[in-house]
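> Can you look at this prediction? I've put the sequence above it.
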Amino acid sequence: MKTINYGIDLGTTNSLIAKFDSGTVEVFKNPVGFKETLPSCIAFRGERTLIGDKAREWLLKDPLNVFAGFKRKMGTSDNYFCPTKNEFFSPMQLSSMVLAELKGFVHTQEKPDCAVITIPASFDTVQSNATKKAGYDAGFREVVLLQEPIAASLAFFNKIADNELSKGKWLVYDLGGGTFDVALIGITETEMRVIDHVGDNYLGGLDFDHSIVMDVLVPKLIKQTSIPELSTELNKRQGRYEKLYYILLLKAEEAKKELSQVTQTEIEFSYDITGNGEEDFFLEFTREELNACIKPRIESTLDMIRKVLERNAVSPADISEVIMIGGSTYIPYVREVVHSSTGIKVNCSADPTTAVAVGAAYYAGSKSSKLEEEKKEPSVNTVGQTDTEILRFELSYNKTTKDTEEYITGLVQNYREGLQFRLTRSDGGFDTGIKPLKPKLGEFVTLRSNGLNEFRLKVFDAHMNEVPCQADTIGITHGLFSLFGQPLPEDISIEVDDVENNTTKCQVVFERNSILPLTKTIYREVSRTIKKGSDDKLIIHVLEGNSKAHPNTNQAIGIIEIKATQLQGDLIKGSDVEIRLEITESRDVSVQVTLLLFNQQFSNVFSPTEKYISIQKLREEIKEIRNMLHAEIEKAANNEDFEKAADIQVLAEKLQKLYEDAMALKEDDLSDLKYQIEEQKRKLAQQIYGSENNPRLVQAKANYFGWRSTIQYWCETYADMPQAYKEEHEALKQREPGAFASNSFFQLDSLQKAQMRLINKMVLYTPSLLVVFYMHYANLDESEYKDLKAARATISAAEKALERKNYEELRSHFTHLLSLTKDSVQMEKIAGTGLG
Ligand code: ADP
Ligand code: MG
């Protein structure tokens, strides 16, 4: 049996490689310089490519040809331009060079061909897949992804001999160079699981360094040189002081590290700032100054700790300790405030730099490799046998244990007399020998210490011929903690039509924090008839993000477009669609769609390393947001709220420009323009539909509550109000907590629309209320009617109906009158997905 064994921490700042070997982990050192860390930095120097420390040094000589921090851009279409090569490099390509270099650290003769590579817990499907692809491009034939906080926890807890001590809940606080993550971990006897996590992919040591330069060093330099433009000119690409910026950045980082040991230091460098030749500079830098610099960012990490505790209803007293990892947790201030603000004990015993790599190696040591399986002889052929004939074992056992023995039990399906079995451990260290098979199996097996034990079960007939059977490989890990599994960082949904509201919405399939791998089948109906051969299509759009928000704010990870020309017949409205979605632990997403009407199947596997975008869909989405904004502007202008109208106008113009760009895109466009347009659309959509302090949300809430009290008043005042409406009003109130908790404009909007529909019904079908409204519209200023003559005629007809107390007739005149007034707004109908 082969396990993966190699674990790699592909960090923003530093990368490491480690290997698991019979219970212990070795972190490999760079054959040059003997350091464990390889800076994640690439330099192109003429024909040569420098990786790691050499590349970092080159930063001072030729900053434009040196690239670092690219992990932050993983999975985006942002590429780095390299002038000496006259070539673009993607974050994925640069990462793959780092990974290939790490392979060279392995001093044994072995060439690693599979590895566990770590990713931040908040990496989405696209970022994860880009990391995996970087691994394959670096020559690994098998790549398994592992979230960093889990890796760190594995490293930490596998060192604690006493299990009792580790039971409970823990926090892992990982503050590195580029990212911050805090994870809430739960531990039982042998298993650990990530309960929840919060993170920021743009918060780390790099940001501290930048702030040291801009907020501390530059003001001091300006004082010394009297060149005020330093503060604006310093970090301009290809500007006069660009090189100085990199020098200061490097010096700032060095000084920052020193200040973890001492309370004050001096920064020394020489540079020709004035243009009159090189000068030596000395700048004082104290721990206090550093602390002041990083304070706001550290506070935001504390907010994230609070958030993860609060939303899981865990109090700080319930937490055993905070495990500190990541290079930036060397900073004393960080350790102090995490403790003082939460009251939780801070544990700094894990090595902040190596913990993730070590944990990745532990995981790799318990994970069997698929590469070996490919080479294995095919198992006994079960083809040609029906389901009722194949022997099937349903086994149960602990997947992890600290005991050296484990009891495997199980039932044998389709049991027959006269068979025998044999259970063997793959390394040959255990063997039951041939034994008669009974309907119930129960065997003690012995385990090899500190690692994964695999057992295989074989069945034979009386003549010792192997009998086909179905039994999964039995894997039991001894000594180490096993993982309950990796949680999904965001909801995965399918976009479906919201016909009532003339828009689309997310139908959640997998919720955030569900444990990977995941499989689920959902059933939906076709929302409109799709005629065979027409140019219509049914769209199955897989989304990642907050499922309570509008689909426009989510990220697209895959799409299946079923064209009407592919259909076997007309796809009738209301017919069933079966959608099966599967996500592997390494984040491959597969989708299988079955149109049950024809039993026609469509499927695809998505491993997006960049966002996946349908141009037609993109145009539709932009159009929908744009139309909505136009309606909003009109509404604001009608209410004479010109300030608001002007604000929305700014957004609308951006969308108009985006719409034109999207219209100009060709279906076969190869550039990354569509990704850029999509990104901008998503950001705008989040701004419009999403954010918590969105003034639109506040306004929408105010509107909702305004109408709500009006309805309440009607219910109490108009005795002829049908009971059903009063009940509907109560039902709407039930929906409020959900709509307000989600803080999504979309949810609220949908509640508001339901409210409007109720108001319409109340007005039209409560005679006394109908009369009140009719009177209002019959007495409008003449300029308010679009067609005065028609309005007058309708009013006189309505008056007659009113005299006769014929409310049905009055209702029809009233609605006609409404359509003759100027404030009736008509929305364009959206195309939708065809999936209801
Ligand atoms: P990443 O996970 O981003 O690759 P690391 O966990 O290796 O990063 O942390 C790197 C960051 O930690 C860098 O910003 C570095 O400046 C910072 N760092 C390393 N050592 C120290 C130290 N002794 N004091 C303060 N910061 C440090
Ligand atoms: Mg890290």
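Looks like it came in fine. It should be emphasised that the depicted structure is a prediction, and the values quoted were computed from it without experimental measurement. Residues are numbered from 1 along each chain as shown. Ligands and ions are numbered 1, 2, ... in the order given.

> got the residues of the stretch 201-350 of the chain near ligand 1?
Neighbours of ligand 1 within the stretch 201-350 of the chain, by CB under 6 Å from any ligand atom: G204, G205, L206, E253, K256, K257, S260, G326, G327, S328, Y330, I331. In short, each C-beta sits where N, CA and C put it, glycine included.

> Return the members of those classed as buried.
Buried by 16 or more other CB atoms under 10 Å: G204, G205, L206, E253, K256, S260, G326, G327, S328, Y330, I331, out of those.

> Could you check how far the fourth one is from ligand 2?
The reference is to E253. Distance of E253 to ligand 2, computed by CB to the ion, to the nearest Å: 16 Å.

> In terms of helices and strands, where is the residue in the stretch 651-800 of the chain positioned nearest to ligand 2?
In the stretch 651-800 of the chain, the residue that lies nearest ligand 2 is E679 (25.5 Å; CB to the ion). Under the criterion of DSSP states H and E, E679 resides in helix 673-685.

> Run through the neighbouring helices and strands of that helix.
helix 615-638, helix 642-664 (3 or more CB pairs under 8 Å, 6 or more residues apart in numbering; DSSP states H and E).

> In the first one, which residues are buried?
The neighbour-count check on helix 615-638 (16+ other CB under 10 Å) flags 615, 617-630, 632-633, 636 as buried.

> just checking: which of those also lie near ligand 2?
For ligand 2, no contacts are drawn from those by CB under 5 Å from the ion.

> follow-up on the earlier one: which among the helices and strands packed on helix 673-685 is found nearest to A556?
Of all those, helix 615-638 sits nearest to A556, with 7.8 Å by CB to CB.

> secondary structure element for K733?
Element membership for K733, per DSSP H and E: helix 723-741.

> The residue of the stretch 201-350 of the chain found nearest ligand 2 and F430: what is the separation?
Proximity of the stretch 201-350 of the chain to ligand 2 (CB to the ion) peaks at G326, 5.3 Å away. In this view, G326 and F430 are 41 Å apart by CB to CB, to the nearest Å.

> do N760 as well
N760 sits 74 Å away from F430, going by CB to CB.

> which of these two has more neighbours?
Each of N760 and F430 has its neighbours counted (other CB atoms under 10 Å); F430 has more, 18 against 11.

> Quickly note the distance from that one to P436.
Counting by CB to CB, the gap from F430 to P436 is 19 Å.

> Same question for T265.
77 Å.

> So which of the two has more stuff around it?
Neighbour totals were compared for T265 and P436, and T265 leads with 19 against 9 (other CB under 10 Å).

> For that one, which non-adjacent residue is closest in space?
Using CB to CB, 6 or more residues apart in numbering and skipping residues adjacent in sequence, the residue nearest T265 is E258, 4.7 Å away.

> before we move on, what about F180?
Spatial nearest neighbour of F180, excluding adjacent residues (CB to CB, 6+ apart): L203 at 4.3 Å.

> got the phi/psi numbers for the one you found?
Reported as degrees, to the nearest 10, the phi and psi values for L203 are phi -150, psi 120.

> now do the one 4 residues further on
The main-chain torsion angles of D207 are listed as degrees, to the nearest 10 and equal phi -70, psi -30.

> Hmm, it is touching S300, no?
No - using CB atoms under 8 Å, D207 is not in contact with S300, being 10.5 Å away.

> Comparing those two, which shows the higher neighbour count?
Legend: neighbour count by other CB under 10 Å for D207 and S300, higher for D207 (18 against 12).

> Closest residue of the stretch 151-300 of the chain to ligand 2?
Ranked by CB to the ion, the top residue of the stretch 151-300 of the chain for proximity to ligand 2 is G176, at 3.7 Å.

> Surely that residue and G327 touch.
Yes - with contact defined as CB under 8 Å, G176 counts as touching G327 (5.9 Å).

> List the neighbours of stretch 94-108 that are in contact with it.
For stretch 94-108, the surrounding residues in contact (CB atoms under 8 Å, 6 or more residues apart in numbering) are 6, 8, 10, 15-17, 19, 28-31, 38, 40, 42, 49, 51-52, 67, 70-71, 74, 80, 111-112, 117, 130-131, 133-135, 137-140.

> Mind listing what's buried along that stretch?
In stretch 94-108, counting by 16+ other CB under 10 Å, buried: L94, S95, S96, M97, V98, L99, A100, E101, L102, K103, F105, V106.

> ok, and what's touching stretch 23-33?
Residues contacting stretch 23-33 (CB under 8 Å, 6+ apart): 7, 16-19, 35-38, 52-53, 102, 104-107, 155, 354, 357-358, 361-362, 365, 449-451, 479.

> Quick one: buried ones out of the residues you listed?
Buried members of the contacts of stretch 23-33, counted by 16+ other CB under 10 Å: 7, 16-19, 36-38, 52-53, 102, 105-106, 155, 354, 357-358, 361-362, 365, 450-451, 479.

> Which of these fall within helices?
D53, L102, A155, A357, V358, A361, Y362, G365 (DSSP state H).
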